[in-house]
Each structure stands twice: as structure tokens, then as C-alpha cells.
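Participant: Sequence and predicted structure below; questions after.
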Amino acid sequence: MFPLQSMTIDELIEQFESLEDWEEQCDYLIDIGFDLPKLPDEHKIEPNKVHGCQSNVWLVANTSDGDSPVVEIQAESDAMIVNGLIAVLLAAYSGRTPQEILDTDIKAIFARLGLDRHLSPARRNGLFGMVKKIRSIAEQAA
Amino acid sequence: MSSTTSQQTIDVARVRQDFPIFSRPLPNGADLVFLDNASSAQKPQQVIQKEVDCYERYYANAHRGIYQFGVAIDEELEGSRAKVQRFISAAEPEEIIFTSGTTMSINLVAYGWGRKFVKPDDEILINEMEHHANLVPWQQLAKETGAKLNFIPLTDDYRLDLSQLDDVLTKRTKIVALTSMSNVVGTINDVSHVAARAKSAGAITVVDAAQSAARSATNVQSTGVDFLAFSGHKIYGPTGVGVLYGRRERLEEMDPFLTGGGMIDRVFRDHSTWAELPAKFEAGTPQIAQAIALGAAIDYVSSCGMNAIQTHEVQLLKHATASLAEVLGLKIYGPDQSHKGAIVSFTVDGAHPQDIASLVDRKGVAVRQGHHCTMPLHDLMGVSSTVRASFGMYNSEADVDVLVDALHYARKRLRLT
């Protein structure tokens, strides 16, 4: 398995598509969830919580200095499958410019991963809660 | 309970044959182990067929037509009301109001009785184990009337601490609302005792019987409650229908909540008078087919025997409590078995309830995860969510064993050793 930081969203999708079924894909989410860098405890505070998630999710972002600043995202949940979903979002969004984030068709990515079919509506709401938070960070930075 | 039979035990294999849902495997090939009965129960063929028959053989609107089907549908609907009356030992069928479910039943009391009789500085006595459906309507009532919410304290094992009842039940208490069985920790409350104390304090008692109605005999007269609510879908009946029982005196004195067709006596240009019970509280076209099929659900559980169902579930609870103790890091919340029904909420150290529920689902085990509409109770328990396994009449000890194996599997998959 790739170390997560070096994995692009395309590589992640390719990996996902090579797996047999949703159970294997879900196992893969759990595995990349375990590899997700831990968020320091000082960031696990109420203002950083993502609303709409059934589990606790904390998300923080830094925008780098310079001419073409990029948004670095860190996030963690207390649920492991959710950490896998966070890993997907980081592969899609983290290290991108605000405009790239806003231009990303995340629904198409979720569809290619089959998340639109396999996640319960409650889970999808939680996932889109994270997307909303990331996009609002990008909008502020753009 | 009026309709118990001589049958003392549940023949699970035979009962399961009545439930079509168990006749085919899940999409992933696993056999269904359904342990989310506190949320909603599966339906026997007898209930499904009753609803189909209604639509196929004699359907018409209720309380309106004098044609043949109009008469037939009314006979079925009122027959179902009489079954509910006998099922909960109410004095008369007019005390049975069909609603959409427990939530609507409790809201009906909060609006119809509460807003008429609760005044500023009056008190409403609730507690922190209640389902939001028996909590939020009272918060709203208090807010709108200027009344105050009081809470019966809970013990460390999540029972009502009745030794402190005198401190919270006062001359100003107008309503005492409590569940007969916790939907999370399974605690069985002493409704008779609370109702008697409430009565001597001049308060009415409202009981959320959503869990207990499917699990033990209900007797509204011997317990002395004023109002009692339950849902059809939790007692193996249809969704969309529920019951509000109200003592005649209470129903007569309270205002209707929904107004419109079917609930009036005479409508004038500028005012109306109300129909007699129960029509006064059943505005609009009722849940006809669902209410009729609820009668079939009551026939079904009655023919099995509520005492037999209770005995069966107590046995399952005993087996589940002992077996779950084998799972490392598993903590069950709530009182010991002598004070609870077959609802078991737990956490597993190092694992989020969401992950547990997802992983045991692979083995066909349907359990609920989350706060189960009891955020204040979870605040007391110090966790934001739990896994809940709740048992029904068709569950077996083998189901418990599949759950336990699935939990071992989930722990392993989450790298817990």
C-alpha cells in the first residue's frame, strides 16, 4: 500500500477499482483510515468539529504563504471507516490551491468510488458536511 | 392482559416461518440476524396479508359510506379498536385514539391537554432516560406555557431514583411523563407506583409504552395511568399507525389538536362543535388499512401470549448478558437483568459504535448505533453513542451467538487484540 501522503486521488481510485467488492473496499477504507496522520489533541475542539457527522470529526486547514498558496488539510474521526473517508477527501483536496479545491467535482469522485451507492444517507450527509467545510475554507482563501 | 393463551413458550422456529423477511438471505448472502427491534420490528404474514386484504377486498374510506364496503371497512376498523382496547385492558373502545405513532400520541397530549391545563409556574416532571419523543414535546410545552421542567433523578445504573420522588413531585406538578421501558438501557419503570404518587399530588401520568407494549402485558386500568402511547410498527404491526389511550375523563376535558373533517359534530359559519370520542381526535381520513392490520398484529402477539413473549425475551437477555461479557472491552450500560427488558446497549473499548455496526452487518447482524434519540441519557452515560442490540419474539440464542462472533470479528478487523 502507498503511504497516504504520496497517493493521488487517481491512484486511490485505481486501487479501489481493483478490489473485488464493497466489503474489500470498506476494508481498504479502514486500512487507509489507520494510516491517516493523527490530529494533535489541541485541535480536537468544538470549533473544529464538522457538523452532520454521526461520529466526531475534527478538521483544520492551513493555507500556505507565497504566490500560489495551497490548502493543507488535517482531519481525524473517532470512527475508523470515517477516517478512511477522510483519507479519500485529503487525497482529493489537500495540497491543492483554493481554486483547484472549488473546481473539484467531488460527486464524480464519490461516484467512481461507489460511495454514492454504498454509504447510507446519514453517512453521505456526514461526508458532505466535511466537503462543505473544506469548500468554505477554500472560498475564504480564494 | 386479557388475551393471553395457555401457551407458555415461544417456538422460535415456528414463529420465524410466519415472518417472510427471514425466508431469504441478505444481499451479501448472510442470514438475517435482526436485532434492531427496539427501533422497529419485522412483520408476520398475518399482518401483511390483513393490509393486502383490506386493499384488495373491501377498501373504502372510513366512517362515511353507507354502501357495502363502507360498512365492511368500519366494522374492521372498529373491530381493531376493540382489539386494542382489550390488549391494554382499557375500559371502553372510545378511549382508544388511532394516531400515526407514539410521537404523535404524546404530542397530542402535550397540545390538547397540556396547552389547556398547564399554567405558568406549573411543573412537568420528566427524567433523563426518556426518548426525545417523550422529552421534546414537554420542553416545548414548558416553553410556551411558562411551566417548569423537573427531573426524577436517575440512579448510577440508570433507573428512576424513586427515593427522591418527593423532592421533585410537588403540588405544582401537572404532568408526570415517563417511559415504561427505556429504549436504550432497557430499564423497566414502576409505572403503577409513579402513577399513584402522581395522582395523590394532583398530577396526570403520561406513559410512553413504545417498548413495553411489544414485550409484556399492558394494563392501563390496574396501573392507573391517564394517557399511554405506543406504536404499531414496534409490535410487529404496520408503520404509520399508533395508539393514544386516554381515560375518558381526560379525553373529554382536553381540546382537539388537529381539526377538520371527521372530528366535528356541527360546523357553523364561524365556529364548530366537536364529535364524540374517539372521532374528536381523529380528524381527516384515518390510517385505515394500517389500523386494521394493527388489529392483526395484536391478534398475532396475543395468540403467542404476551407472557410467553416476555419469558422468551428474559431468557434471551440472560444469554446475551452472559455471552457479551466474553467480548473484550465490552461494557453494557444499564441496570442488572432483574430491572430490565431485552434491550442491551453497549460500547467496545477502542472501537466506535459506527464501525462496530458496519462490521457486524457483514455477518448479517442488524444492530443500531448512535444516540437512539436519547441525547440527555447519553450525556449521563458519558458517551455520544452506543451500539444497541434489541431482541424480539423471533430471535433465538443462536442469534446472540452470531452477534458475539461478529463482535469478535469486528474487534479483530479494527486491530484490537
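Facilitator: Sure, I can see it. No experiment lies behind these values; they were computed from the predicted model shown.

Participant: Next, the closest residue to chain B within chain A: phi, psi?
Facilitator: Per C-beta to the nearest C-beta, A:Ala79 is where chain A lies closest to chain B, at 3.6 Å. All C-beta atoms are positioned from the backbone trio N, CA, C, and that covers glycine. The phi and psi values for A:Ala79, taken as degrees, to the nearest 10, are phi -110, psi 140.

Participant: Now for it, how many residues are close by?
Facilitator: Residues near A:Ala79, counting by other C-beta atoms under 10 Å in any protein chain shown, number 28.

Participant: Now do the contacts for it.
Facilitator: A:54-56, B:352, B:354-355 (C-beta atoms under 8 Å, 6 or more residues apart in numbering or on different chains).

Participant: Mind putting those residues into a markdown table with distance to B:Asp265, neighbour count and secondary structure?
Facilitator: Output for the contacts of A:Ala79, formatted as a markdown table (distance: C-beta to C-beta, whole Å; neighbours: other C-beta atoms under 10 Å in any protein chain shown; DSSP: H, G, I helix; E, B strand; the rest coil):
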| residue | distance to B:Asp265 | neighbour count | secondary structure |
| --- | --- | --- | --- |
| A:Gln54 | 48 | 21 | coil |
| A:Ser55 | 53 | 22 | coil |
| A:Asn56 | 55 | 16 | coil |
| B:His352 | 56 | 25 | coil |
| B:Gln354 | 53 | 24 | helix |
| B:Asp355 | 57 | 26 | helix |
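
Participant: Please identify which of these is nearest to B:Asp31.
Facilitator: Nearest to B:Asp31 out of those is B:Asp355 (C-beta to C-beta; 22.2 Å).

Participant: which residues touch the closest one?
Facilitator: A:30, A:79-81, B:410, B:414.

Participant: ok, and the most crowded of those residues?
Facilitator: Top of the contacts of B:Asp355 by neighbour number is A:Ala79, holding 28 neighbours under the definition other C-beta under 10 Å.

Participant: shaky segments in the chain?
Facilitator: You didn't pick a chain, so chain A it is. Applying pLDDT under 70 to chain A flags the ranges A:1-6.

Participant: nope, chain B
Facilitator: The model of chain B has pLDDT under 70 over residues B:1-7.

Participant: quick revisit: ok, of the contacts of A:Ala79, which one's closest to B:Gly240?
Facilitator: A:Gln54 (25.7 Å).

Participant: Can you classify A:Arg117 as helix, strand or coil?
Facilitator: What DSSP: H, G, I helix; E, B strand; the rest coil gives for A:Arg117 is helix.

Participant: From the structure, what's the count of residues near it?
Facilitator: A:Arg117 has 9 neighbours, counted by other C-beta under 10 Å.

Participant: Kindly provide the distance from it to A:Phe110.
Facilitator: Distance from A:Arg117 to A:Phe110, counting by C-beta to C-beta, to the nearest Å: 9 Å.

Participant: Who are the packing partners of whichever strand or helix holds A:Ile32?
Facilitator: Assigned by DSSP states H and E, A:Ile32 belongs to helix A:22-35. Helix A:22-35 is packed against helix A:9-17, helix A:80-93, helix A:115-118, with contacts defined by 3 or more C-beta pairs under 8 Å, 6 or more residues apart in numbering or on different chains; DSSP states H and E.

Participant: List the residues that contact residue 96.
Facilitator: Reading this off chain A. Here A:Arg96 is in contact with A:70-71, A:104 (criterion: C-beta under 8 Å, 6+ apart).

Participant: Wait, chain B was what I had in mind.
Facilitator: By C-beta under 8 Å, 6+ apart, the contact set of B:Ile96 is B:81, B:84-85, B:90, B:243-245, B:278.

Participant: ok, now A:Lys44?
Facilitator: Neighbour list for A:Lys44: A:56, A:58, A:76 [criterion: C-beta under 8 Å, 6+ apart].

Participant: picking up where we left off before, can I get the helices and strands packed on helix A:22-35 in JSON lines with distance to A:Gly66?
Facilitator: Formatted as JSON lines, the helices and strands packed on helix A:22-35 follow (distance: least, C-beta to C-beta, whole Å):
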{"stretch": "helix A:9-17", "distance to A:Gly66": "23"}
{"stretch": "helix A:80-93", "distance to A:Gly66": "19"}
{"stretch": "helix A:115-118", "distance to A:Gly66": "33"}
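
Participant: roughly how far apart are the residue located most distally from the centre of chain A and A:Gly95?
Facilitator: Ranked by distance from the centre of chain A (C-alpha atoms, centre = their mean), the top residue is A:Asp67, with 25.3 Å. Applying C-beta to C-beta, the value for A:Asp67 to A:Gly95 is 16 Å.

Participant: before we move on, what about B:Leu244?
Facilitator: 58 Å.

Participant: The two: which has the busier surroundings?
Facilitator: Between B:Leu244 and A:Gly95, B:Leu244 has the larger neighbour count (other C-beta under 10 Å), namely 26 against 15.

Participant: Assign the more buried one to helix, strand or coil.
Facilitator: strand.

Participant: That one contacts B:Val225, correct?
Facilitator: No. Look at B:Leu244 against B:Val225 with C-beta atoms under 8 Å: they stay out of range, at 11.6 Å.
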